[in-house]
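# take this sequence and fold it.
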Amino acid sequence: MGRLTKKRIGFLWPELKKRLADDEKAILAVSGGPDSIAMLYLCLPPPDQRDRVLVAHIHHGTDHANAAEQFVKSLCIELDLGFRSRKVDLDSDAIKRTGFEAVAREARYTWFKTLAKAENCSVILTGHNQDDRAESVLMYMMRGARPGTLAGPRAQRDNLWRPLIAFSREEILDYLDGRGIVYVSDPSNADNDYSRNKIRNLLKPELIEHFGSSAWRKLGEASARIEEYDKLVTDGLIRQYDASLHAQHTGFVCIDSEVISGYLPEAQQWIYNRAWQQASISSAESSKPKLHLRWREQKKIQRVSAGKNGDYFDLPGSVRARKTTVGLTFDGSTLGSPQTLSLPGELYLSDGSKLTVTRSPVPSSDGINAAGEGVEYLDLDSTGSSLKIRAWQHGDRFTPLGRPGSYSNVSGLVPSELKSKRTVWVAENESEIVAVLGLRISHDVRVRSSSTETWCLNYTPPFVD
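Residues are numbered from 1 along each chain as shown. The predicted structure is shown next:
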């Protein structure tokens, strides 16, 4: 008889309720399979408190998905529970990089977190069990994974709670069958093209036959011990990351290459991955699931870090890793979408620089910098009411001040030593580039004798200057 067999419906609700403030709710991630259905019944609140729980269901677009969605929706109606469903479209390129299972998992958690924020849910519950942990240990060991991954699904991380992680799949099925609770079975679980299914359907029976059922259970328990060990390691890695951090802004990270050169290779890889994830926050692909950098991408970063100033490598997620005079930068804006600045206004850029645009009378000098380095005046009418700010790109051309009728490559205005230090930004209106910030303005937006008002551009360079 399993440990769950005699547990009543709602047994886990008191524990779940302790995790919620009075005005908060919990998300139960329910696929319709036995694990999540058991979790739903064990966490079921009393009838007068069922508005404290929201059931979230992911539709992966498979043939089985329609029936599973309808089953979960009907069950929520029967139990008077809130229900939300979302159909996710998975990135084919990401699937090629890391596999369907990994991409689908990241898509699920991305939506769960978004839904939690929108619905004031402070806890997200999933139905992972001890067998999932045992499978993960074997699968990730065969892939040479780091200790953190070997731990498999965690009992708790941030606002995520897996209340059934200590119970086996057999105990969960006994609980459901003993109470006559219906669930759906996903036919893809029998498809041994997936690594996890091969372990579950082929390897597990062999292990139990030759080593006993306790051996399988011990694998799950080993995962829990690996989790505790990984917490200690991660705490140390975070301290090393903080020690190597030169600066960090939204979409931009700069780490000290000399500091991390003394770290173990595994620590360097962890730091590269964390910096890349932080920088990708503001990129054009920020809504896509965050995955780990592959081995060859890690090696490319190492080569850039050991190379000369100005060397760079473009990473997934529209992030550029670049060697600079102060360290290795991870810039999520260089390849990302432009930022729009309505005038007048102020904009902080990802590398720590700042652009302030104010309305100003015509200066005494005709468009020439009269107020100090980084300050330029543009004719208000010629410039327009908004600017788009982006990183300069190869092939950018504009008409520099003092050279009417000619076009110059922006790259020709950017000193090589400056390219190796920081991002060079351009400002453009609806028709052209009007300024290379901190360097030159366009002749077409110069202050004329007929100008009545100007935009004063005040560009403050970033920390790397």
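# separation between the spatially closest residue to S168 that is not a sequence neighbour and E24?
Sequence neighbours aside, Q130 is the residue nearest to S168 in space, at 4.9 Å (criterion: CB to CB, 6 or more residues apart in numbering). To be clear about C-beta, it is placed using only N, CA and C from the backbone, and glycine gets the same treatment. Distance of Q130 to E24, given as CB to CB, to the nearest Å: 28 Å.
# these two: which has the busier surroundings?
Per other CB atoms under 10 Å, whichever of Q130 and E24 has more neighbours is Q130, with 25 against 14.
# need the phi and psi values for the more buried one.
Main-chain dihedrals, Q130, degrees, to the nearest 10: phi -70, psi -30.
# for T149, see how far away it is.
Q130 is 18 Å from T149, where distance means CB to CB.
# got a list of what the residue nearest to S168 touches?
Residues in contact with Q130 (CB atoms under 8 Å, 6 or more residues apart in numbering) are 165-169, 217, 220-221.
# now with 6 Å?
Contacts for Q130 (CB atoms under 6 Å, 6 or more residues apart in numbering) come out as 167-168, 220.
# any idea which of the residues you listed is least confident?
Among these, G220 carries the lowest pLDDT, at 86.
# how many neighbours does V233 have?
There are 15 residues near V233, going by other CB under 10 Å.
# ah, wrong one, I meant E69
There are 20 residues near E69, going by other CB under 10 Å.
# ditto for L315
22.
# for C121, see how far away it is.
Distance, L315 to C121, by CB to CB: 32 Å.
# repeat for W216
The value you get for W216 to C121, if CB to CB is used, is 34 Å.
# residue boundaries of the helices in the stretch 351-465 of the chain?
Secondary structure of the stretch 351-465 of the chain (DSSP state H, counting those that start in this stretch): helices at 380-383, 416-419.
# check which helices and strands the first one sits against.
Right, the one you point to is helix 380-383. Counting contacts by 3 or more CB pairs under 6 Å, 6 or more residues apart in numbering; DSSP states H and E, helix 380-383 is packed against strand 454-460.
# quick one: mean pLDDT over the strand it packs on.
Mean predicted confidence for strand 454-460 is 94.
# paired strands for that strand, with orientation please.
Sheet pairing for strand 454-460, assigned by DSSP bridges, gives strand 354-360 (antiparallel), strand 375-379 (antiparallel).
# of those strands, flag the one that's most buried.
Stretch with highest mean neighbour count among those: strand 375-379 (a mean of 24; mean count of other CB atoms under 10 Å).
# what lies in contact with it?
Among residues not part of strand 375-379, those counted as contacts by CB under 6 Å, 6+ apart are 363, 367, 369, 441, 445, 447, 451, 454-458.
# part of a helix, is Q70?
Yes. Q70 forms part of a helix when assessed by DSSP: H, G, I helix; E, B strand; the rest coil.
# from the chain's centroid, how far away is stretch 74-85?
30 Å (CA atoms, centre = their mean, to the nearest Å).
# CA atoms only: put it into PDB for me.
The C-alpha coordinates for stretch 74-85 follow below in PDB (Å, rounded to 0.1, in the frame of the first residue of the first chain):
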ATOM      1  CA  SER A  74     -14.800  19.800 -18.200                       C
ATOM      2  CA  LEU A  75     -13.200  18.700 -14.900                       C
ATOM      3  CA  CYS A  76     -12.700  22.400 -13.800                       C
ATOM      4  CA  ILE A  77     -16.400  23.100 -14.600                       C
ATOM      5  CA  GLU A  78     -17.400  20.100 -12.500                       C
ATOM      6  CA  LEU A  79     -15.200  21.200  -9.600                       C
ATOM      7  CA  ASP A  80     -15.900  24.900  -9.900                       C
ATOM      8  CA  LEU A  81     -12.300  25.900 -10.600                       C
ATOM      9  CA  GLY A  82     -11.000  28.700 -12.800                       C
ATOM     10  CA  PHE A  83      -9.500  27.400 -16.000                       C
ATOM     11  CA  ARG A  84      -7.000  28.900 -18.500                       C
ATOM     12  CA  SER A  85      -5.500  27.300 -21.600                       C
END
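# sort out which residues of that stretch are buried, please.
Within stretch 74-85, the residues scored as buried using 16 or more other CB atoms under 10 Å are 75-76, 79, 81-85.
# may I ask which two of those residues are separated the most?
Put simply, by CB to CB the two of the buried residues of stretch 74-85 set farthest apart are L79 and S85, 15.7 Å from each other.
# what lies in contact with stretch 170-181?
Here stretch 170-181 makes contact (CB under 6 Å, 6+ apart) with 2-5, 34-35, 38, 129.
# and the buried ones among the residues you listed, selectable in PyMOL?
In PyMOL, a selection of the buried entries from the contacts of stretch 170-181 looks like this (16+ other CB under 10 Å):
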select buried, resi 4+34+35+38+129
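# which stretches of the stretch 301-450 of the chain have low pLDDT?
Low-confidence segments of the stretch 301-450 of the chain (pLDDT under 70): 333-336, 350, 352, 365-373, 406-408, 410-411, 413-422.
# and Y194, how close does it get to Y229?
Per CB to CB, Y194 is found 28 Å from Y229.
# neighbour-wise, which of these two wins?
For Y194 versus Y229, neighbours defined as other CB under 10 Å are more numerous around Y194 (17 against 13).
# how near is the more buried one to S188?
Y194 is 7 Å from S188, by CB to CB.
# over to S360?
From S360 to S188 the distance is 64 Å (CB to CB).
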